[in-house]
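# Attaching a predicted model along with its sequence, questions to come.
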Amino acid sequence: MSAYSLRGLHWFTALSAGAAPVAGLPASLKVADVTLEQQPVRFIAVVADPANPFVRARNGEVGLLEGWGLAKAVDEAIEADREQSVKRALIAIVDVPSQAYGRREEALGIHQALAAAADSYARARLAGHPVIGLLVGKAMSGAFLAQGYQANRLIALRDPGVMVHAMGKVSAARVTLRSVEELEALAASVPPMAYDIDSYASLGLLWETLEVSQIEQPSADDLTQVRQCLSQAIADVRTHGRDLSGRLGASNRGASSRVRQLLREQW
């Protein structure tokens, strides 16, 4: 069994249905243009590359090549659709265990590479491209910020292997001076500290969650369900606009909503 996740690659391959990959990108970045329910769509996924020249980015992490590659893939779509009345949707397939941690990454500016990716997704969203994040595996730390978090709508598959957090459990336990068991006990009452999708959904950040039968290798029924949900999310974005205001409606975001209200009143 592989030491790294293949979920992102399998979902990309299945959803892009054999479309020719976009050339000129690192091997750890899969990009393809397809038609989904008669709408132009660009699928984008970061995947594991055991031959990655940056050893810290061989298991699906988002590193220097991936950050700049994501920015390039998104910027090319923005430029190509600049004069189009209907901008293609960008669908980020999210299965990223972490950003790449290493001395070379820090020395060569991984913060700039990941910021470039996030900036490109944000500019695409503001330019009228519906941006959808499909969480099929881990969505961790700066990797998620670069690949998926700028989406107008976030969709997560319901599975224990789909989790969102700023860092892995062992690292979070170390930073908070707790054991992993103590951290898990705390997460039971503090949703932002938890890793499971239900806790993340309680923060109002997910547009939809879906049950699938085969998350590692999607079945035909799984693909049909996910494609329908993606189409609905794209239509919802086109109808309701490009901002992220829909993320603030949950009860666990009450304080955030209140702060924003007061800022608007006092500005």
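Yep, that arrived.
# and the strand ranked longest in the chain, what does it pack onto?
Determined from DSSP state E, the single longest strand within the chain is strand 131-140. For strand 131-140, the packing partners by 3 or more C-beta pairs under 8 Å, 6 or more residues apart in numbering; DSSP states H and E come out as helix 7-16, strand 89-96, helix 110-126, strand 153-157, strand 163-165, helix 220-240. The C-beta positions use only the backbone N, C-alpha and C, and glycine is treated the same way.
# if I pick residue 135, what's in contact with it?
With contacts defined as C-beta atoms under 8 Å, 6 or more residues apart in numbering, residue 135 is in contact with 94-95, 148, 154-157, 162, 164, 197.
# Pull out the buried members of these.
Among the contacts of residue 135, those buried by neighbour count (16 or more other C-beta atoms under 10 Å) are 94-95, 148, 154-157, 162, 164, 197.
# Show me which of those is closest to residue 183.
residue 164 (15.3 Å; C-beta to C-beta).
# That closest one contacts residue 144, correct?
Yes - Residue 164 is within contact range of residue 144, at 6.7 Å (criterion: C-beta atoms under 8 Å).
# Nearest spatial neighbour of residue 71, chain-adjacent residues omitted?
With sequence-adjacent residues excluded and distances taken as C-beta to C-beta, 6 or more residues apart in numbering, residue 71 is closest to residue 116, at 4.0 Å.
# And the pLDDT at that neighbour?
The confidence metric pLDDT takes the value 98 at residue 116.
# same deal with the one 3 residues further on?
We have a pLDDT of 98 for residue 119.
# CA atoms only for stretch 113-123 - export them in PDB, please.
C-alpha atoms of stretch 113-123 as PDB (Å, rounded to 0.1, in the frame of the first residue of the first chain):
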ATOM      1  CA  ALA A 113       4.700  30.600  -3.900                       C
ATOM      2  CA  LEU A 114       1.700  29.600  -1.800                       C
ATOM      3  CA  ALA A 115       0.600  33.300  -1.600                       C
ATOM      4  CA  ALA A 116       0.700  33.400  -5.400                       C
ATOM      5  CA  ALA A 117      -1.600  30.400  -5.700                       C
ATOM      6  CA  ALA A 118      -4.100  31.900  -3.200                       C
ATOM      7  CA  ASP A 119      -3.900  35.200  -4.900                       C
ATOM      8  CA  SER A 120      -4.600  33.700  -8.300                       C
ATOM      9  CA  TYR A 121      -7.600  31.800  -7.100                       C
ATOM     10  CA  ALA A 122      -8.900  35.000  -5.400                       C
ATOM     11  CA  ARG A 123      -8.400  37.000  -8.600                       C
END
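# Give me the contact list for it.
The contact list for stretch 113-123 (C-beta under 8 Å, 6+ apart) reads 62-64, 66-68, 70-71, 74-75, 78, 90, 92, 99, 131, 142-143, 145-147, 149-151.
# Which positions within it qualify as buried?
113-122.
# before we move on, back to that, among the contacts of stretch 113-123, name the ones in helices.
64, 66-68, 70-71, 74-75, 78, 142-143, 145-146 (DSSP state H).
# Make CSV out of those and add pLDDT and neighbour count.
Shown next, in CSV, are the ones in helices among the contacts of stretch 113-123 (pLDDT from 0 to 100; neighbours: other C-beta atoms under 10 Å):
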residue, pLDDT, neighbour count
64, 98, 23
66, 98, 31
67, 98, 31
68, 98, 20
70, 98, 27
71, 98, 22
74, 98, 28
75, 98, 16
78, 98, 19
142, 94, 26
143, 96, 28
145, 96, 20
146, 97, 29
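# Now render those residues as JSON lines, adding distance to residue 226.
Below are those laid out as JSON lines (distance: C-beta to C-beta, whole Å):
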{"residue": "64", "distance to residue 226": "31"}
{"residue": "66", "distance to residue 226": "23"}
{"residue": "67", "distance to residue 226": "26"}
{"residue": "68", "distance to residue 226": "29"}
{"residue": "70", "distance to residue 226": "21"}
{"residue": "71", "distance to residue 226": "26"}
{"residue": "74", "distance to residue 226": "21"}
{"residue": "75", "distance to residue 226": "26"}
{"residue": "78", "distance to residue 226": "25"}
{"residue": "142", "distance to residue 226": "26"}
{"residue": "143", "distance to residue 226": "21"}
{"residue": "145", "distance to residue 226": "23"}
{"residue": "146", "distance to residue 226": "22"}
